[in-house]
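[1] pasting the sequence and the predicted model now:
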Amino acid sequence: MKKEILNFKVNGTPYEIEVEPQMTLNEVLREQLNLTGTKISCAEGECGACTVLVDGKPELSCSMLALAARDKDITTIEGLAKDGELHKIQKGFIEKGAIQCGFCSPGMMLMIKALLDENPNPTKEEITAYIAGNLCRCTGYVKIIDAAKAAAEA
Amino acid sequence: MFRTLKPFEYLEPKSLEEATGALSKCGTEAKVYAAGVDLVPRMRKRIIAPKCIVNLQRIDEMDDVIASNKDGARIGALASLRSIELSALIKERYFVLHEAIASIASIQVKTQGTAVGNLCVATPASDVAPALFVLDAKIKAVGPSGERLIPIDEFYLGVGKTVLGPNEIITEILLPKAPANTGGGFAKLVRTVSDIAKVNAAAELTMEKGVCKEVRIAVGSVAPTVLRMKKAEDVLRGNKIDQNLIEKAASAAADAVKPITDIRSTAEYRKDTTKVLVKRVLEKALERTKA
């Protein structure tokens, strides 16, 4: 199939690349831009591992055509740290031991970023509700919620 | 195992005319794309393999605006579920729709997915549809020969089937103005919060001096389409509402459903719990008519 031009921004950097129309945003990020921090697991919108921010809002990169990201501003986990300094959410995850296998962590951290951008001082219930679409099979969520609280307070 | 999507022709029309023209040309081989949350996973699993994808996101006449108008309110077809849930207008005047969307767990799905997309999937387990049924919503569809308004309770034909023609596109949802002393409620039963409903129900009730002036009840996941519970409504309409009458209406609703047994529940349980849910949504709606 004919390739199409995709203009978009990823972590603040403008890109103009050629993509095949059937490529998902997840594939383009991982395979064309080598941003493998964004994961893919269930590939049907149940697990949240592929979450990225689209114009600041959390969406599922596995379920979005790359061409639908035209003119959008995408934030992936690689965009959180600035100038070699980890983001306060990343520091919170380290401090509270909220990472075990790490597979859900990029999606979780981006969800928490979207939450804190919307609501800087969330309650435990608000954090829990916000990450309801993100599965973690290691930690039991308690440390992830602690990490989100620590990041909010930092 | 997940796979890549099969190649397809990709179209990005700039106008409705161009879009309906493209759909007329491709016929049933085409699928429209609004957000992808349902479409892309189904394509990946090879449940569908469209030869052509028509992206609706760049059509000039399409929007995501939620606003009041002289007849009530309108929701643009590209409005996300999340933006509808957070809309002050919807919360204030169409609470049942807010409550239904709030019951959907995943913020990502709601941020990306649209209410119109949810309707077009035509699953009987939709949480959005029962709320729109009781709000008496109409759907505006545009095709090559012009536009038409479809009452929501005439929209569904069966699982995955709607009255929408292959070259028609929904542009907005219209909600009529609710009279004074109206309240609504939504409730559902699920295995886990992120799963789809075993049974869901919605009601919208208008009261006048203790008498039910108007009522609409809808139940999901108990038949091939969401169902209006007209017999249950007849039990209430024109009568003084008390607990006894609510129980009677709930029983009438349970008698009217035709559920199946599947991995989520048994038919018998769905029938029993229809009664419980209808009772709960009527109680909630009644309480909210007082606000």
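    Ah, there it is.
[2] how many neighbours does the closest residue to chain A within the stretch 51-200 of chain B have?
    Nearest residue of the stretch 51-200 of chain B to chain A, counting by Cβ to the nearest Cβ: B:Ser106, 2.9 Å away. Where C-beta positions appear, they are placed from N, C-alpha and C, glycine not excepted. Other residues near B:Ser106 come to 25 when the count uses other Cβ atoms under 10 Å in any protein chain shown.
[3] contact partners for the residue nearest to it when sequence neighbours are not counted?
    Of all residues not flanking B:Ser106 in the chain, A:Gly133 sits nearest, at 2.9 Å (Cβ to Cβ, 6 or more residues apart in numbering or on different chains). Residues near A:Gly133 by Cβ atoms under 8 Å, 6 or more residues apart in numbering or on different chains: A:Gly48, A:Thr51, A:Met111, B:Ala105, B:Ser106, B:Ile107, B:Gln108, B:Val109, B:Ser194.
[4] would you turn those residues into CSV with distance to B:Lys271 and pLDDT?
    As requested, those are arranged in CSV below (distance: Cβ to Cβ, whole Å; pLDDT from 0 to 100):
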residue, distance to B:Lys271, pLDDT
A:Gly48, 34, 97
A:Thr51, 38, 98
A:Met111, 38, 98
B:Ala105, 26, 86
B:Ser106, 29, 94
B:Ile107, 33, 97
B:Gln108, 34, 97
B:Val109, 29, 96
B:Ser194, 25, 76
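[5] so of the residues you listed, which ones are in helices?
    Among the contacts of A:Gly133, the members falling in helices (DSSP state H) are A:Met111, B:Ile107, B:Gln108, B:Val109.
[6] any idea how far the residue positioned nearest the centre of chain A lies from A:Gly79?
    Geometric centre of chain A, nearest residue: A:Val52, 3.5 Å, by Cα atoms, centre = their mean. Counting by Cβ to Cβ, to the nearest Å, the gap from A:Val52 to A:Gly79 is 9 Å.
[7] output the set of residues of chain B in proximity to chain A.
    B:2, B:4-10, B:12, B:33, B:35-37, B:40-41, B:44-45, B:53, B:55, B:57, B:82, B:105-109, B:111-112, B:193-194 (Cβ under 8 Å from any Cβ of the partner chain).
[8] still on that earlier bit, tell me which helix or strand the residue nearest to B:Ser106 sits in.
    For A:Gly133, there is no host helix or strand (DSSP states H and E).
[9] re the thing from before, need the pLDDT of the residue nearest to the centre of chain A.
    With respect to pLDDT, A:Val52 scores 98.
[10] pretty sure it is in contact with A:Met111, am I right?
    No - the pair A:Val52 / A:Met111 is not scored as a contact, 10.5 Å apart, by Cβ atoms under 8 Å.
[11] list residues touching both of these two?
    A:Pro58.
[12] start and end of stretch A:89-103, how far apart?
    One end of stretch A:89-103 sits 16 Å from the other (Cα to Cα, to the nearest Å).
[13] now do it, average pLDDT.
    Averaged across stretch A:89-103, pLDDT comes to 96.
[14] which residues sit against that stretch?
    With Cβ under 8 Å, 6+ apart as the criterion, stretch A:89-103 contacts A:39, A:41, A:49, A:80-81, A:86, A:105, A:108-109, A:112-113, A:116, A:137-139, A:143-144, A:146-151, A:154.
[15] with stretch B:261-281 instead?
    Contact with stretch B:261-281 is made by B:185-189, B:191, B:195-196, B:198-203, B:217, B:219, B:221-222, B:229, B:232, B:246-247, B:249-251, B:253-254, B:257, B:259-260, as judged by Cβ under 8 Å, 6+ apart.
[16] hmm, 7 Å instead?
    B:185-187, B:189, B:191, B:198-199, B:201-203, B:217, B:219, B:221-222, B:229, B:232, B:246-247, B:249-251, B:253-254, B:257, B:259-260 (Cβ atoms under 7 Å, 6 or more residues apart in numbering or on different chains).
[17] can you map out the helices along chain B?
    Going by DSSP H, chain B shows helices at B:16-26, B:39-44, B:81-86, B:88-93, B:95-102, B:107-112, B:115-121, B:128-134, B:230-236, B:243-256, B:267-289.
[18] kindly export the third one (C-alpha atoms) in PDB.
    Included here for helix B:81-86 are C-alpha records, laid out as PDB according to Å, rounded to 0.1, in the frame of the first residue of the first chain:
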ATOM      1  CA  LEU B  81     -16.700   9.700  26.200                       C
ATOM      2  CA  ARG B  82     -14.500  11.400  28.700                       C
ATOM      3  CA  SER B  83     -15.400  14.900  27.600                       C
ATOM      4  CA  ILE B  84     -19.100  14.000  27.800                       C
ATOM      5  CA  GLU B  85     -18.600  12.600  31.300                       C
ATOM      6  CA  LEU B  86     -16.800  15.800  32.500                       C
END
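[19] contacts for it?
    Residues from elsewhere that reach helix B:81-86 (Cβ under 7 Å, 6+ apart): B:64, B:66, B:75, B:90, B:97-98, B:101-102, B:104, B:107, B:110-111, B:113-115, B:118.
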